[in-house]
Structures are given as C-alpha cells and as structure tokens.
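Visitor: pasting the sequence and the predicted coordinates here, then a few questions.
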Amino acid sequence: MQFPSFFCIFSLFLYAATPGSCALRGEILTTHHIRQSDEGPNAAAKRLGKIWFGSCYDSNYERDQSMMKYFNDPKFIGQLTPENSMKPASIQRTKSQYDFKGGDAVVAQAKKLGAKIRCHFLMGPDQNAPFIQQGSGINRQATLEYLDGYMKTVMTHFGTNCYSWDVVNEALTESGQVRTDVPWYRLIGHDFVEQAFAIASKHRPSGVKLCYNDFRLEASAAKLQGALDMANRIKSVGGEIDCISFESHISASNHPTVDSFTASLNRVAEAGMEVPISELDVVREGGATEAQQAAAYALAVKACLRVEKCPGVTVWGLSDSFGWLKGKQADLFDTAGRPKTAFTSLMGVLSSSSKSDVSSEEAEPQSQPRGSTVKIFSRSPHSVRRHEWYRPRSHFV
Ligand code: XIL
C-alpha cells in the first residue's frame with residue numbers, strides 16, 4: 001500500500017510549524033525522507049533494524065474496515081498483540097474448558113501478515129479465570145498446580161507462534177512493591193511472580209521469550225527498580241526472564257523527556273534483557289493539544305530507536321473509533337479513520353531516521369542462569385511478607 005503523500009507534506013508542515021515539539025528538531029526533511037514514508041511504519045522500523053511496528057488486535061477489529069486495510073498490510077503492521085483473546089478470562093471461562101478460538105484468530109491474522117505475536121498474558125491482576133479472580137477457595141499448592149497445568153496447555157497450544165509471552169502483567173505498585181491487591185497474592189503469597197516465571201520457564205516452547213509487562217516503567221524510577229529487582233529474584237530461584245516490556249500508556253501533557261525515556265529503557269537493556277514498548281498510546285487530558293500528543297508519540301518511538309534491545313513499538317489500538325480508551329483520542333487515527341497529527345509525527349520520525357541514527361550498541365549482558373534447577377512450590381504461604389495495601393493508581397498519573 002502506498003501511503004498518501006499528504007502524510008509527508010503534512011509532516012513537513014507539522015515539523016516546520018512546531019519547532020521543538022518533536023524529535024526531529026533541527027533536522028531537515030528531504031525528498032529522500034518523503035519517499036521513505038511511503039514504506040509504512042513496520043517497513044520503516046525494519047529498515048532501521050527493529051523487528052516490528054505493531055498494534056494490539058483481536059478478530060472484533062474486523063468490524064472497523066477503515067483500519068483493516070492497515071491490519072492487512074505488512075508494510076504497516078509487523079506484530080500483533082491479542083488485546084483480550086489470549087488472557088485467561090477469554091481462554092478459560094470454566095475450569096474444565098479451554099477456548100482458543102479468539103487467540104487462534106490472531107495467530108491466523110499474524111500468519112497472513114507474516115507478523116510476530118507478543119502473546120499476552122498468562123497471569124494478570126484481573127482478566128484471570130473466574131475461579132482465580134475470586135482469590136479464595138484454593139490453597140497455594142492447588143493454585144500452583146492449576147497454574148502449571150494452565151501454562152503447559154496454553155503455551156503448548158500457541159507454541160512457537162508466540163515471539164514472547166507476557167508471563168506476568170502489572171504485578172507492581174508505583175513504588176515498586178509487589179501488589180497485594182491481586183488474587184494471585186492472596187492465593188500464592190508474596191512470591192507469586194517468581195512462581196509464575198519458574199513454571200513458565202519449564203513449559204516455554206523453544207525460543208519463546210518470557211516477559212514481565214507493566215505500565216509507568218518509563219516514568220517511575222521506583223517501579224522500574226522494582227521490576228529489575230524482581231527479575232533478579234526470578235533468576236535467583238532458577239527461573240528465566242528475557243524481557244521487561246514498557247506498556248507506555250502516556251499522557252500528552254505529562255510524560256518523560258526522550259532522554260529520560262531512553263535512560264529507563266537502557267536500564268533494562270543493561271541488565272541483559274529485551275525492552276519492547278508494548279502498549280503505546282497517548283491520552284489528551286487537561287486541554288493537551290494534538291501537537292503535544294504528536295510529540296509524545298514521536299518521543300517514544302525515538303527512545304526505542306535509540307536502544308538496540310528495544311525490538312519495536314506496539315500501539316494499543318490504531319483508531320479512536322473503539323478500544324479501551326474510547327473517547328480519550330489516544331490513538332493514531334481519528335474516529336473517521338483519518339490519520340492524526342500523531343501518525344504523521346510517528347511516521348516522520350521513522351521515515352527521517354537512517355540506520356546510522358539508530359543505536360546498535362550491544363548492552364553488556366548479565367549472566368542469566370539457564371537450565372538450572374527450577375524451584376517451585378518451595379515457600380509456604382506463612383512466609384508471605386505483608387506490604388502496605390496497594391492504592392490503585394491511574395496508568396497516567
Ligand atoms: C485492556 C483491553 O484493551 C480492554 O479491552 C479490556 O477491557 C481491559 O484490558 N494494560 C494491559 C492490557 O496490559 O491488557 C489492557 O488491555 C490495557 C492496559
């Protein structure tokens with residue numbers, strides 16, 4: 001698909017009109033850049049050495065035909081994350097039944113596109129199987145056995161169709177402590193994350209990466225430190241973790257600078273792990289302008305380009321017409337399917353960058369114990385440490 005040249009012309013206008021608002025400050029867009037923007041974001045990301053530009057997706061997106069042209073275009077999309085269909089609540093509505101229909105549809109779409117899949121998720125704060133979500137009635141041992149069976153079945157079913165699995169989603173508070181307001185804490189205890197990774201390590205199909213996924217890791221130093229500490233604890237009990245993914249649900253009026261975003265990504269890279277941006281979107285709150293939103297999208301993409309271990313950027317939906325932040329104008333296309341300034345801005349960063357602008361420095365890998373004995377079911381629930389009760393916080397604080 002050729003992207004209309006007005007994207008490029010509009011990009012030129014945008015960057016000329018808002019000096020300092022975006023990552024391309026001081027650079028001159030040439031016809032070379034304009035030609036490159038015909039590539040589409042995935043093709044551009046790949047040219048820059050990234051593995052993908054992607055979006056969340058589920059088969060209900062088919063009702064939005066204005067977006068399906070992008071979801072059917074490998075130049076545009078090179079990676080899909082099932083928005084809901086691979087979550088335990090979708091797969092296991094009752095204890096005895098597994099339903100893979102929704103997840104299989106994402107696999108089929110990804111195969112059609114030649115796209116990677118970030119499989120999402122095995123354990124989360126919510127959207128778990130209903131009997132887990134209750135958070136009571138099963139003891140620690142039985143919960144761990146259930147989890148063992150669940151992960152084995154689901155990881156085997158999707159196999160190497162997954163580039164990675166988000167093994168655990170959103171298990172930390174803003175201050176980097178393990179959340180105590182989630183069913184897994186009540187059922188397993190304080191080490192529920194270590195247990196989840198230990199079990200996933202046992203069942204992972206060859207080459208599938210195991211990730212921890214959370215929000216505000218780009219913004220909260222304490223939370224990021226909590227995630228890095230957690231990765232060390234996982235490894236110290238023989239579990240494996242390959243990636244910490246930054247959801248990056250950010251706000252147009254309140255987000256880190258490109259340097260501090262990059263520095264946060266680099267902390268994960270320096271610890272030897274991949275660091276995808278996994279759910280990027282930018283809400284416009286408090287009168288934030290379209291240009292501010294566009295600058296925030298550009299900045300996040302630029303941060304990923306600067307960090308070799310960032311395999312790509314995934315946006316959490318393409319269009320404002322539906323999705324989890326419906327009404328907040330957080331996406332790249334408007335409700336009528338027209339590209340917003342945010343899209344031209346993101347595309348501008350990708351199309352105006354060349355491989356020499358992009359970091360290819362290898363971060364110093366830390367030794368990661370692999371193949372060592374995986375300890376699971378090892379702590380009694382009585383050894384659980386109690387932390388302050390989690391105060392729910394917005395993704396956008
Ligand atoms: C959201 C979906 O987009 C919604 O459709 C659903 O109702 C709730 O979950 N962080 C995550 C995603 O990791 O799984 C969430 O997805 C958005 C926040």
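Guide: Noted; the coordinates are in hand.
Visitor: which positions in the stretch 251-397 of the chain make contact with the ligand?
Guide: The stretch 251-397 of the chain comes close to the ligand at residues Glu279, Trp324, as judged by CB under 6 Å from any ligand atom. No exception for glycine: its C-beta is placed from N, CA and C like everyone else's.
Visitor: got any ranges where the stretch 251-397 of the chain has weak pLDDT?
Guide: Along the stretch 251-397 of the chain, segments meeting pLDDT under 70 span 360-397.
Visitor: quick one: the strands in it?
Guide: 277-283, 312-315 (DSSP state E, counting those that start in this stretch).
Visitor: can I get those in a markdown table including distance to Tyr61 and mean neighbour count?
Guide: A markdown table is the format used below for the strands of the stretch 251-397 of the chain (distance: least, CB to CB, whole Å; neighbours: other CB atoms under 10 Å):
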| stretch | distance to Tyr61 | mean neighbour count |
| --- | --- | --- |
| strand 277-283 | 15 | 28 |
| strand 312-315 | 13 | 28 |
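Visitor: next, find the distance separating the closest residue to the ligand within the chain from His255.
Guide: Taking CB to the nearest ligand atom as the measure, the chain has Trp324 as its residue closest to the ligand, at 3.3 Å. Per CB to CB, to the nearest Å, Trp324 is found 18 Å from His255.
Visitor: and the two? Which one has more around it.
Guide: Using other CB atoms under 10 Å, the more surrounded residue of Trp324 and His255 is His255, with 21 against 14.
Visitor: wait, what's in contact with the residue lying closest to Asp126 once chain neighbours are set aside?
Guide: Computed as CB to CB, 6 or more residues apart in numbering, the closest residue to Asp126 that is not its neighbour in sequence is Gln133, at 6.8 Å. Applying CB atoms under 8 Å, 6 or more residues apart in numbering, one finds that Gln133 lies in contact with Ala89, Asp126, Gln127, Pro183.
Visitor: so which of these is the most crowded?
Guide: Counting by other CB under 10 Å, top hit in those: Pro183 with 22 neighbours.
Visitor: mind listing what it touches?
Guide: Counting by CB under 8 Å, 6+ apart, Pro183 has contacts Asn128, Ile132, Gln133, Gln134, Gly135.
Visitor: and the pLDDT at the third one?
Guide: If I follow you right, that is Gln133. For Gln133, the model assigns a pLDDT of 94.
Visitor: for it, give me phi and psi.
Guide: Torsion angles at Gln133 (phi, psi; degrees, to the nearest 10) stand at phi -60, psi -30.
Visitor: could you do the second one as well?
Guide: Per-residue torsions, Ile132: phi -80, psi -40 (degrees, to the nearest 10).
Visitor: what's near enough to touch the spatially most central residue of the chain?
Guide: Centroid-nearest residue in the chain: Ser278, 1.7 Å away (criterion: CA atoms, centre = their mean). Residues near Ser278 by CB under 8 Å, 6+ apart: Thr81, Arg118, Asp166, Cys211, Asn213, Ser245, Phe246, Glu247, Ser248, Thr314.
Visitor: if we go to 6 Å?
Guide: Going by CB atoms under 6 Å, 6 or more residues apart in numbering, Ser278 touches Asn213, Ser245, Glu247, Thr314.
Visitor: what helix or strand is the first one on?
Guide: Put plainly, it is Asn213. Under the criterion of DSSP states H and E, Asn213 resides in strand 209-214.
Visitor: by how many degrees do that strand and strand 277-283 diverge?
Guide: Put simply, strand 209-214 runs at 30 degrees to strand 277-283, going by axes from the mean of the first three to the mean of the last three CA atoms, to 10 degrees.
Visitor: burial measure for the residue lying closest to the residue nearest to the centre of the chain once chain neighbours are set aside, as a count.
Guide: Using CB to CB, 6+ apart and skipping residues adjacent in sequence, the residue nearest Ser278 is Ser245, 3.8 Å away. Using other CB under 10 Å, Ser245 is surrounded by 29 other residues.
Visitor: then Leu48?
Guide: 21.
Visitor: how much space between it and Leu305?
Guide: Look at Leu48 and Leu305: by CB to CB, they are 6 Å apart.
Visitor: shared neighbours of these two, anything?
Guide: Jointly contacting Leu48 and Leu305 under the rule CB under 6 Å, 6+ apart are Ser353, Val358.
Visitor: so what's Ile77 up against?
Guide: Asn42, Gly54, Ser55, Phe71.
Visitor: pull out the buried residues from the contacts of Pro183.
Guide: Neighbour-count burial (16 or more other CB atoms under 10 Å) is assigned, among the contacts of Pro183, to Asn128, Ile132, Gly135.
Visitor: name the element the first one belongs to?
Guide: Same thing as Asn128. Going by DSSP H and E, Asn128 is not part of any helix or strand.
Visitor: next, it: phi, psi?
Guide: The phi/psi pair for Asn128 (degrees, to the nearest 10) reads phi -90, psi 180.
Visitor: which residue packs closest to it, ignoring adjacent ones?
Guide: Spatially, and ignoring its direct neighbours in sequence, Asn128 is nearest to Pro88 (4.8 Å; CB to CB, 6+ apart).
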